[in-house]
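A.B. asks: Sequence and predicted structure are below.
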Amino acid sequence: MTDTRPGPADTTGTAIPAVDEPGHQQAAAQIRRQHPDWVTIWVARKGQYFAYPLFRAPRGTALAAQTPAELTVQMTQIEQAAGRHQGKSPDTGADS
């Protein structure tokens, strides 16, 4: 018998079954594409998505959420607090 309990929702709001490991990995990859300034992973043992900023943020900033949608809301809040625009890298300022 398989586990048919609903799992986390993807960023479109549809449920990912708890046993759909590839679905969770795909959702994490989609978040990484939308937020390239973050390290984003799915940890199956915890049943959660985690994100760590690659930009200046308060020390120890680490996010965790049950769903991709919850995680992206948190990521956007941190980006806004840091004065960043969602999904954009800062200008390197390299003048050639």
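C.D. replies: Received it, and whenever you're ready, just let me know what you need. Numbers count the residues shown, from 1 in each chain.
A.B. asks: Assess the claim that Ala64 and Tyr52 are in contact.
C.D. replies: No. The pair Ala64 and Tyr52 fails to qualify as a contact (CB atoms under 8 Å) at a distance of 10.3 Å. For the C-beta atoms, the positions are set from N, CA and C on the backbone; glycine is no exception.
A.B. asks: next SSE after the helix or strand where Gly23 lies?
C.D. replies: Assigned by DSSP states H and E, Gly23 belongs to helix 21-34. Counting by DSSP H and E, the next helix or strand C-terminal to helix 21-34 is strand 38-43.
A.B. asks: same for that next one, what does it pack against?
C.D. replies: Strand 38-43 sits against helix 21-34, strand 48-53, with contacts defined as 3 or more CB pairs under 8 Å, 6 or more residues apart in numbering; DSSP states H and E.
A.B. asks: What lies in contact with the shortest one?
C.D. replies: In this case it means strand 48-53. 8, 24, 27-28, 31, 35, 37-43, 61-68, 70-71, 74-75, 78, 82 (CB atoms under 8 Å, 6 or more residues apart in numbering).
A.B. asks: Neighbouring strands - and their directions - for that strand?
C.D. replies: Partners of strand 48-53 in the sheet, by DSSP bridges, are strand 38-43 (antiparallel), strand 63-65 (antiparallel).
A.B. asks: Could you list the alpha-carbon positions for that strand in PDB?
C.D. replies: C-alpha atoms of strand 48-53 as PDB (Å, rounded to 0.1, in the frame of the first residue of the first chain):
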ATOM      1  CA  GLN A  48      10.400  20.400   4.000                       C
ATOM      2  CA  TYR A  49      12.000  22.800   1.500                       C
ATOM      3  CA  PHE A  50      15.000  24.800   2.800                       C
ATOM      4  CA  ALA A  51      16.600  28.000   1.400                       C
ATOM      5  CA  TYR A  52      19.800  29.800   2.200                       C
ATOM      6  CA  PRO A  53      20.600  33.300   0.700                       C
END
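A.B. asks: All set, thanks.
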